[in-house]
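S.K.: 3D, please:
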Amino acid sequence: MKASVFIVDDHYMVIEGIRSLLQHEKDIDWLGHATNAASCISFLKQQQPDVLLLDISLPDKSGIDLCREVKEWFPNIFVLGLSTFNQQAVIRNMMDNGASGYVLKNADKEELLEAIHIVLTGKTYFSLEAAASLKDTNRGLPLVTRREKEVLQLIAQGLTNVEISTQLFISVPTVNTHRKSLLEKFDAKNTAILISKAIRQGMV
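M.R.: Reported below is the predicted structural model:
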């Protein structure tokens with residue numbers, strides 16, 4: 001599956017480095033770059049990529065805040081956080097604001113391609129360093145995205161996939177993908193066990 005990709009970063013060398021890694025890949029459609037939040041939003045109003053590689057630190061706005069705005073205005077775009085930071089709080093803030101994954105800037109081509117294609121399936125991707133950082137402090141709690149939290153809360157209220165899709169303005173297959181992801185993350189064989197575990201861990 002071909003994926004269109006756009007990067008937002010204020011360092012030209014980072015942009016050029018990632019562009020050189022991805023632009024000749026047959027399954028990647030490189031759409032270009034922006035160096036700040038304002039030019040990113042301006043581009044997205046004209047054209048939306050499948051995946052947005054988003055730096056955490058931008059000159060005019062936090063990448064975390066920009067991620068939230070992008071997901072509010074363009075919910076079909078998958079955002080991959082891109083940073084030199086692997087602090088747990090930064091990663092969690094990015095995920096809480098709608099990101100589908102987190103990659104460090106030292107990633108090689110294979111990891112970038114893997115991250116892009118994994119988030120396109122609706123799953124979450126973390127670089128090894130980011131995953132290790134989260135594991136150190138998450139006390140065994142499953143790491144879920146903001147959208148997965150919303151789906152989880154509606155499942156706990158007894159809503160069907162169709163009702164959830166209507167309430168969240170997403171397709172039924174997308175709801176089903178989130179439901180399957182939640183079952184995997186909580187290691188639950190069915191919805192009843194999922195809700196039971198989520199309640200015990202204070203997530204609903």
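
S.K.: Endpoints of stretch 93-110, how far apart?
M.R.: 26 Å (CA to CA, to the nearest Å).

S.K.: meant to ask about stretch 162-180
M.R.: 15 Å.

S.K.: Check the offset of that stretch from the chain's centre.
M.R.: Centroid separation for stretch 162-180 versus its chain: 17 Å, with CA atoms, centre = their mean, to the nearest Å.

S.K.: How about stretch 168-185?
M.R.: Counting by CA atoms, centre = their mean, stretch 168-185 is centred 14 Å from the centre of its parent chain.

S.K.: what comes up buried for it?
M.R.: Judged by neighbour count using 16 or more other CB atoms under 10 Å, the buried positions of stretch 168-185 are 168, 170, 174, 175, 177, 178, 179, 181, 182, 185. Placement of C-beta: from N, CA and C, glycine included.

S.K.: and that stretch, what's its mean pLDDT?
M.R.: For stretch 168-185, the mean per-residue pLDDT is 91.

S.K.: cool, and stretch 79-90?
M.R.: For stretch 79-90, the per-residue pLDDT averages 82.

S.K.: ok, and what's touching that stretch?
M.R.: Here stretch 79-90 makes contact (CB atoms under 8 Å, 6 or more residues apart in numbering) with 7, 9, 14, 51-57, 63-64, 67, 70-71, 91, 94-95, 98-106, 115-116, 119, 125, 127, 129-130, 132-134, 136-138.

S.K.: How far away from the center of its chain is stretch 48-66?
M.R.: Here stretch 48-66 is found 12 Å from its chain centre; the criterion is CA atoms, centre = their mean.

S.K.: Can you show me the CA trace of that stretch as CSV?
M.R.: Extracted C-alpha coordinates of stretch 48-66, given in CSV (Å, rounded to 0.1, in the frame of the first residue of the first chain):
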residue,chain,number,x,y,z
GLN,A,48,-3.6,15.9,3.4
PRO,A,49,-0.9,13.2,3.6
ASP,A,50,-1.6,9.7,4.9
VAL,A,51,1.2,10.1,7.5
LEU,A,52,2.6,13.3,9.1
LEU,A,53,6.1,13.1,10.6
LEU,A,54,5.9,15.7,13.3
ASP,A,55,8.8,17.2,15.2
ILE,A,56,8.1,17.8,18.9
SER,A,57,9.9,21.1,19.0
LEU,A,58,8.9,23.8,16.5
PRO,A,59,9.7,27.5,16.5
ASP,A,60,6.1,28.8,16.6
LYS,A,61,4.2,26.0,18.5
SER,A,62,4.7,22.8,20.4
GLY,A,63,4.5,19.8,18.2
ILE,A,64,2.2,18.3,20.9
ASP,A,65,-0.2,21.2,20.5
LEU,A,66,0.0,21.0,16.7
